[in-house]
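> Show me the folded form of this:
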Amino acid sequence: MLVSAHRPLPSFADKVGFLRDAAHYPAPTRRVVTVETHVSWVFLTDSFAYKLKKPVRCSYLDFSTLEARRRDCDEEVRLNRRLAASVYLGVLPLVWHREGGLGLGGEGETVEWLVKMRRLPASRMLDSLIRERAVSEAQMRQLARLLAAFYAGIVPEPMGAARYRARLAQQIAEPLHELGDVDFGVPHARAVGVADAQAEFVRREAALLDERVARGRIVEGHGDLRPEHVCLLADPVVIDCVEFKRDFRILDPLDELGYLALECERLGMAEIGPWLLIGYAEASGDTWPAPLLHFYQSCRAMLRAKLAVWHLKDDDGRHPPARWPALAHDYLELAERHIARATLR
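So this is what the prediction gives:
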């Protein structure tokens, strides 16, 4: 549709401003709470959440065009319905009407796409429940059964054992570049020591890793299984998977479950890990030696340390600067702790 020459298309700031206004939503809402991340804005009304992708481009994603953002919205809904079908309601256009105003849906030129979700209660998110120490073993076993059924329904990746080990070696090496920057204050020698021990595990335990591949344990999972993405409703749901890069979702379920256990440990409820993992083993029939779990957890901790450093570089003032180096140090300590457990015999 042609747009009047006297009314230029709205800027991204115009779109954010429009979505901040409670009067612009079809369902009445008392207010709109906004949450900004590095790649999106989320607008929380009383009953729904609307996610707007930023027109950004970086090494791991490209949202620089409207069509790219539409495709990513579609993928986000498709993938997240695997574990949260009741939450992800669809993709909604933000349109520019003939008369020059923005609107959610309806006639007009589409100028953005939004993912529409049912708003979940913050008090039922796992990270919030951990702060209240209000998580039970029964809840985690229920979550474990959900995840076991999820992984069982995925066709294993057609990946050879050598390729899987090569992927792990690359993932081990990648964090060192970021963690080696002296400006971030992360002890580089300690990071190198962890990475060397992880690489030695891959060499020493090649047969164990090859067995995971042979048993069909490498699948397209969630990719970012953290407490803030788990909602313990009567029927638990898991949201916000990595939709923008499939390679980040290719993993061993034990890696992903170990990651969730690691984050629960960091937040102060280490007992959640055994509850979850024992429940998963019983529901799935999967078994593994303890060193493999600790290896995966150490690798995840190093990845999170790298991401903390990235945040320090990219943060626009939304968080205290000291937050990110402290977080990187916490993750480095976790990486050391778990790789030490992985090498115990």
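> if I look at the residue nearest to the spatial centre of the chain, how far off is Glu263?
In the chain, the centroid-proximal residue (Cα atoms, centre = their mean) is Asp224; its distance is 3.0 Å. Asp224 sits 10 Å away from Glu263, taking Cβ to Cβ, to the nearest Å as the criterion. Bear in mind the C-beta positions are built from the backbone N, C-alpha and C, glycine included.
> Which stretches in the stretch 201-345 of the chain count as strands?
For the stretch 201-345 of the chain, applying DSSP state E, counting those that start in this stretch gives strands covering 219-220, 230-231, 237-238, 250-251.
> highest average neighbour count across those?
strand 230-231 (a mean of 24; mean count of other Cβ atoms under 10 Å).
> so what's the nearest residue to Pro121 once chain neighbours are set aside bridging to?
In space, and not counting its chain neighbours, Pro121 is closest to Cys231: 7.5 Å by Cβ to Cβ, 6 or more residues apart in numbering. Counting by DSSP bridges, Cys231 forms beta bridges with Met125, Val237.
> check contacts around Cys231.
Ala84, Leu120, Pro121, Arg124, Met125, Leu126, Val237, Val238, Ile239 (Cβ atoms under 8 Å, 6 or more residues apart in numbering).
> Just the buried ones from those residues?
Buried residues within those, counting neighbours by 16 or more other Cβ atoms under 10 Å: Ala84, Leu120, Arg124, Met125, Leu126, Val237, Val238, Ile239.
> So the second one, which state does it fall into?
For Leu120, the secondary structure call by DSSP: H, G, I helix; E, B strand; the rest coil comes out as coil.
> Quick check: it vs Leu44, distance?
Using Cβ to Cβ, Leu120 is found at 10 Å from Leu44.
> now swap in Val237 and tell me
Val237 sits 17 Å away from Leu44, going by Cβ to Cβ.
> Give me the number of neighbouring residues for His97.
Other residues lying near His97 total 15 when counted by other Cβ atoms under 10 Å.
> so it sits right up against Glu107, yeah?
Yes: between His97 and Glu107 there is a contact under Cβ atoms under 8 Å: 6.7 Å.
> Tell me how the chain divides into domains.
12-119, 126-342 (automatic domain parsing).
> for these, which one ends up most surrounded?
The highest average neighbour count among the domains of the chain, using mean count of other Cβ under 10 Å, belongs to domain 126-342 at a mean of 18.
> Helices along the chain, start to end?
For the chain, helices defined by DSSP state H occupy the ranges 12-20, 66-84, 126-131, 137-152, 161-179, 188-204, 206-214, 253-267, 272-284, 290-314, 323-342.
> Out of these, the one nearest Glu243 is which?
helix 66-84 (4.3 Å; Cβ to Cβ).
> What mean pLDDT does that closest one get?
For helix 66-84, mean pLDDT rounds to 98.
> what do you get for stretch 197-209?
Confidence for stretch 197-209, expressed as mean pLDDT, is 97.
> Extract the residue ranges of the stretch 51-200 of the chain that are flagged as low pLDDT.
The model of the stretch 51-200 of the chain has pLDDT under 70 over residues 98, 181-185.
> same thing but 90
58-60, 97-101, 105-108, 176-188 (pLDDT under 90).
> same question, the stretch 201-345 of the chain
For the stretch 201-345 of the chain, the stretches flagged by pLDDT under 90 are 307-326, 343-345.
> If we use 70, what do you get?
Judged by pLDDT under 70, the stretch 201-345 of the chain has its weakly predicted residues at 312-322, 344-345.
> what's the closest non-adjacent residue to Leu267?
Leaving out its chain neighbours, the residue that sits closest to Leu267 by Cβ to Cβ, 6+ apart is Ile130, at 4.7 Å.
> Against Ala148, how distant is that neighbour?
In this view, Ile130 and Ala148 are 22 Å apart by Cβ to Cβ.
> try Pro121
For Pro121, the distance to Ala148 equals 25 Å [Cβ to Cβ].
> swap in Glu132?
As judged by Cβ to Cβ, Glu132 and Ala148 stand 27 Å apart.
> Please apply the same query to Glu263.
Glu263 is 19 Å from Ala148, by Cβ to Cβ.
> same check, this time on Gly180
Counting by Cβ to Cβ, the gap from Gly180 to Ala148 is 39 Å.
> One more: Asp224?
Distance, Asp224 to Ala148, by Cβ to Cβ: 19 Å.
> if we can go back for a sec, does the residue nearest to Leu267 really touch Glu271, like I thought?
No: applying Cβ under 8 Å, one finds Ile130 not in contact with Glu271, separated by 10.5 Å.
> Output the strands of the stretch 201-345 of the chain as JSON lines; include the columns distance to Ala138.
Below are those laid out as JSON lines (distance: least, Cβ to Cβ, whole Å):
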{"stretch": "strand 219-220", "distance to Ala138": "26"}
{"stretch": "strand 230-231", "distance to Ala138": "15"}
{"stretch": "strand 237-238", "distance to Ala138": "17"}
{"stretch": "strand 250-251", "distance to Ala138": "27"}
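> so which of these comes closest to Arg204?
Minimum separation from Arg204 across those (Cβ to Cβ) falls at strand 250-251, 20.8 Å.
> Report the contact partners of Asp286.
For Asp286, the contacting residues are Arg217, Pro253, Leu254, Tyr280, by Cβ under 8 Å, 6+ apart.
> 7 Å - rerun?
Tyr280 (Cβ atoms under 7 Å, 6 or more residues apart in numbering).
> For it, grab phi and psi.
phi -80, psi 140 (degrees, to the nearest 10).
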